[in-house]
Structure formats: C-alpha cells, structure tokens
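1. Sequence and predicted structure below; questions after.
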Amino acid sequence: MPRLNFQIAENNKTEANMKRFLLLTVVVTLVAFSTALAIDPARPSSTITLDQIEATLLNGLNSQNQGLMISSTQKLGDIQSSKAVIPLMTVLKSDDDESCQIAAALALYNIGDKRGIYAIKKAAKFDDSERVRSFCTKFYNEYKTQS
C-alpha cells in the first residue's frame, strides 16, 4: 500500500506541474499577443480631442460631487476654456459652496476673459461670503497688476 500512495503523490505532482506549465504558457501568450496589438500600426488609434475633453469637463461642472466639480473647474481654467466662462460665472454667482465659488473665480482668472474678470470684480464687492470676497479681491488685484 505505501507504494500506491507514492504513485498517487507522484501523479499529483506531475499534474500540478503540468497545470503550472499550461498557466505560464497561457500568460506568456496573452502578454505577447496584447503587446503585438498595442503596437500594431494598422490598428486605428483612438484620439481624444480638446473639444471632447472640454465637453466632459463642462459636464463635470454640473455634478453633485463637490470634488468632481472643483476638479473640472480647475482643469477648465488650466486649458483656458472660453466655452466655460458663462457656466463658471454661474458657479461663482450662484453656488452655495464657497470652495466651488473660489475655484470658479480662480478658473475665470486663469481663462482671462473680460466677462469672467468682471464677474470676479463684482463678487469681490458683493458676494455674501467674506472668504469668497477676499479671494476674488486677490484674483482681481493680481489681474490688474498683470494688465
């Protein structure tokens, strides 16, 4: 009987080694295949245009998620999106969250559009929040010194 157990154990080891070899072969094949696909020049590339990025970021302005809204606001300012001026002015004037208003003011400052700068000037004087007024004053004064 001990010999039979030894043979069963040997068969299990051989079977386990075969499974490992087969798994390794499959993984190597998949890696090689995916690498070949990644560098295939005949495969059409998917290019994302600035208009698509801008549209996505503008959608982010309408999000109920504050982090997404602020991130979208910042990126719209970074790319100096002229399409974002009116929506950002709306955020600056009407949003309930000071952080969103300040982010909108900074984005408008970064864009540099006259309408946005005017909105910052008005918010610096008339916004209900002292914090928003303070930041808008800083942004407006910085804009005046650069002009």
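-> Happy to help now that I have it. Just so you know, these numbers come straight off a predicted model, no measurement behind them.

2. tell me the domain boundaries of the protein?
-> Using automatic domain parsing, the domain parsing of the chain gives 1-46, 50-146.

3. mind putting those in TSV, mean neighbour count included?
-> Quick note: C-beta positions are derived from backbone N, CA and C, even for glycine. TSV is the format used below for those (neighbours: other CB atoms under 10 Å):
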stretch	mean neighbour count
domain 1-46	9
domain 50-146	17
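
4. okay if I get these as JSON lines plus mean pLDDT?
-> Converted to JSON lines, the domains of the chain look like this (pLDDT from 0 to 100):
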{"stretch": "domain 1-46", "mean pLDDT": "62"}
{"stretch": "domain 50-146", "mean pLDDT": "97"}
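
5. what's the distance between residue 59 and residue 72?
-> To residue 72, residue 59 is 8 Å away according to CB to CB, to the nearest Å.

6. now residue 114: how far from residue 147?
-> 11 Å.

7. Ignoring the adjacent residues along the chain, who's closest to residue 77?
-> Beyond its immediate neighbours in the sequence, the residue positioned closest to residue 77 (CB to CB, 6 or more residues apart in numbering) is residue 107, lying 3.0 Å away.
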